[in-house]
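S.K.: fold the stuff below for me.
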Amino acid sequence: MENPFRYGEIVRGKDFCPRSALEKRLRNAFRTGENTVILGERRTGKTSLILRAAEKTRGRRLFRLDFRGIKSIEDILQRAARALADLEKPEPARTRLQELFPSLRFSTSTNPITGLPNLHLAPPPQEMGADQLHPLGDLWAELDKQRKTIVALDEFQDILALPDAQEAVTVVIKRVQKLSAMPFCFAGSVRHEMEALLPAEKSRIPKTTRLEVSRDDFDDWEKFLTGKFRTSKRKIDADVLDLIIAFAGNNPGDTLQLCAAIWHGTRTSQRIDAGIVQRGLAGVFRSEHKGYEQTLAEVSFQQLAVLRTLARLGGTSIQSKAFLRDTGITHASSVKAAMIRLVERRLVHHNGAAYRFSNPFFKAWLLREGV
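M.R.: So this is what the prediction gives:
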């Protein structure tokens, strides 16, 4: 039987846990042309929600541009080409892009794995600046005239990684300000960066609503997970399911990953207990330990000391005497500096009240290994 728990990818259909209230608000924004800013931590299902709402909005199609991990303007345009190819098929998209970007060269090829056509941007002869984004705005303007498209800019805060980030942001924002019929959806998982780009108190985007995505938005998250176990003929009690969710730090994507590991280590008609949950967690460690070890190799000695203490004591009072004593670091300012760097590297999340691990399994692994 196929593992019913899907994670680390966009989910649809039976793999999508309903979020009726949030989906209704987002669909209404798409229908009326209202712009949205969606905030939610990593792996909370923001992208799946956007696709779901777009699919359910009659007469609209989705142009999704993923900014996650971008390093250059070339990256943005390459992904924009793929997004347009998804809307119009590769060859018409290539023709349109060639008209918009006459100095660049686009080509089509066949994906050797899927057998589907791909659209590629040939490497430009020199590094591209933020001004090269203006034709992308022209493309959005053409789509805007058709009044059929939703533009989703996913993980938008990663635009800050560009060498000329502020200029690039200005180009994007100014173009959005001029477009009225086409709704834009800005989604991001790093709150303080998204707030800096798109502050709530002084919005740079007209007609904007803000949405929060979390585990609490699901219609019935526990029922959804229990149903997945039940349909695959596994038995699980509510207290054991609560243990799984707690291990995963209440994060939907991490919960699904742990459930998938537990399912993989069980058989039909087996009842899942706390011991099986622990074995599932060990399975996650086996699949992820190389990444964890690489992370340890890349952090400084003080950053590692702060991570250890954060795992043991939590992050509500990182400048307390107890926290300092546990780290072995003399000065509170050094702890603060190390924590800021860990937040910048996205190993740690700061919600304003406390610091905590972005990946709860990395925290559990540190505690288990005693690193």
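
S.K.: I'd say residue 285 and residue 361 touch.
M.R.: Yes: between residue 285 and residue 361 there is a contact under C-beta atoms under 8 Å: 7.1 Å. From N, CA and C alone the C-beta is placed, and that goes for glycine too.

S.K.: the more surrounded of these two?
M.R.: residue 361 (22 against 17; other C-beta atoms under 10 Å).

S.K.: not counting sequence-adjacent ones, nearest residue to the more buried one?
M.R.: residue 284 (5.2 Å; C-beta to C-beta, 6 or more residues apart in numbering).

S.K.: cool, residue 235 as well?
M.R.: residue 271 (4.2 Å).

S.K.: ok, now which ones touch the one you found?
M.R.: By C-beta atoms under 8 Å, 6 or more residues apart in numbering, the contact set of residue 271 is 234, 235, 236, 237.

S.K.: re the thing from before, how near is the residue nearest to residue 361 to residue 16?
M.R.: 23 Å (C-beta to C-beta, to the nearest Å).

S.K.: also residue 221?
M.R.: 12 Å.

S.K.: and for residue 359?
M.R.: Applying C-beta to C-beta to residue 359 and residue 16 gives a distance of 23 Å.

S.K.: how about residue 200?
M.R.: According to C-beta to C-beta, residue 200 stands 28 Å off from residue 16.

S.K.: ok, these two, which is more surrounded?
M.R.: residue 16 (17 against 11).

S.K.: right, and that one touches residue 50 too?
M.R.: No: Residue 16 is beyond contact range of residue 50, at 11.7 Å (criterion: C-beta under 8 Å).

S.K.: which positions within stretch 47-55 qualify as buried?
M.R.: Of all the residues in stretch 47-55, those buried under the rule 16 or more other C-beta atoms under 10 Å are 47, 48, 49, 50, 51, 52, 53, 54.

S.K.: quick one: contacts of whichever helix or strand the third one is part of?
M.R.: For residue 49, the host element (DSSP states H and E) is helix 46-55. Residues from elsewhere that reach helix 46-55 (C-beta under 8 Å, 6+ apart): 10-12, 16, 19, 22-23, 26-27, 30, 38, 40, 60-62, 64, 150, 152, 154, 185, 187, 189, 213.

S.K.: tell me the average confidence for the helix ranked longest in the chain?
M.R.: Longest helix in the chain, counting residues (DSSP state H): helix 274-298. The average pLDDT for helix 274-298 rounds to 96.

S.K.: now do stretch 142-150
M.R.: pLDDT averaged over stretch 142-150 gives 85.

S.K.: residue 6 in helix, strand or coil?
M.R.: coil (DSSP: H, G, I helix; E, B strand; the rest coil).

S.K.: surely it and residue 14 touch.
M.R.: No: here residue 6 does not reach residue 14: they are 9.6 Å apart, not a contact under C-beta under 8 Å.

S.K.: just the element for residue 173, please.
M.R.: Using DSSP H and E, residue 173 falls in helix 165-178.

S.K.: what are the buried residues along that helix?
M.R.: Counting neighbours by 16+ other C-beta under 10 Å, helix 165-178 gives 168, 169, 171, 172, 175, 176 as buried.

S.K.: tell me the pLDDT at the fifth one?
M.R.: Which is residue 175. Note for residue 175: predicted pLDDT of 91.

S.K.: and the residue nearest to residue 361, how far from residue 345?
M.R.: 21 Å.

S.K.: so the two - more neighbours on which side?
M.R.: residue 284 (21 against 13).

S.K.: show me what contacts the more buried one?
M.R.: Shown in contact with residue 284 (C-beta under 8 Å, 6+ apart): 257, 258, 261, 361.

S.K.: okay, and the third one sits in which element?
M.R.: Of the helices and strands defined by DSSP H and E, residue 261 is found in helix 252-264.

S.K.: neighbours of residue 320, how many?
M.R.: For residue 320, the neighbour count with other C-beta under 10 Å is 13.

S.K.: isn't residue 276 up against residue 266?
M.R.: Yes: in this structure, residue 276 is within contact of residue 266 by C-beta under 8 Å, at 6.3 Å.

S.K.: the helices in the stretch 201-350 of the chain, which residues?
M.R.: 221-231, 238-247, 252-264, 274-298, 301-313, 321-327, 332-344 (DSSP state H, counting those that start in this stretch).

S.K.: so which of those gets nearest residue 369?
M.R.: Of all those, helix 274-298 sits nearest to residue 369, with 8.5 Å by C-beta to C-beta.

S.K.: can you give me the buried ones in that closest one?
M.R.: 276, 277, 280, 281, 283, 284, 285, 292, 295.

S.K.: now stretch 335-354
M.R.: So stretch 335-354, judged by 16+ other C-beta under 10 Å, has buried residues 335, 338, 339, 341, 342, 343, 347, 348, 349, 350.

S.K.: so what's the third one up against?
M.R.: Listed by C-beta under 8 Å, 6+ apart, the contact set of residue 339 reads 306, 310, 315, 318, 348, 350, 355.

S.K.: centre of the chain to stretch 116-129, how far?
M.R.: 25 Å (C-alpha atoms, centre = their mean, to the nearest Å).
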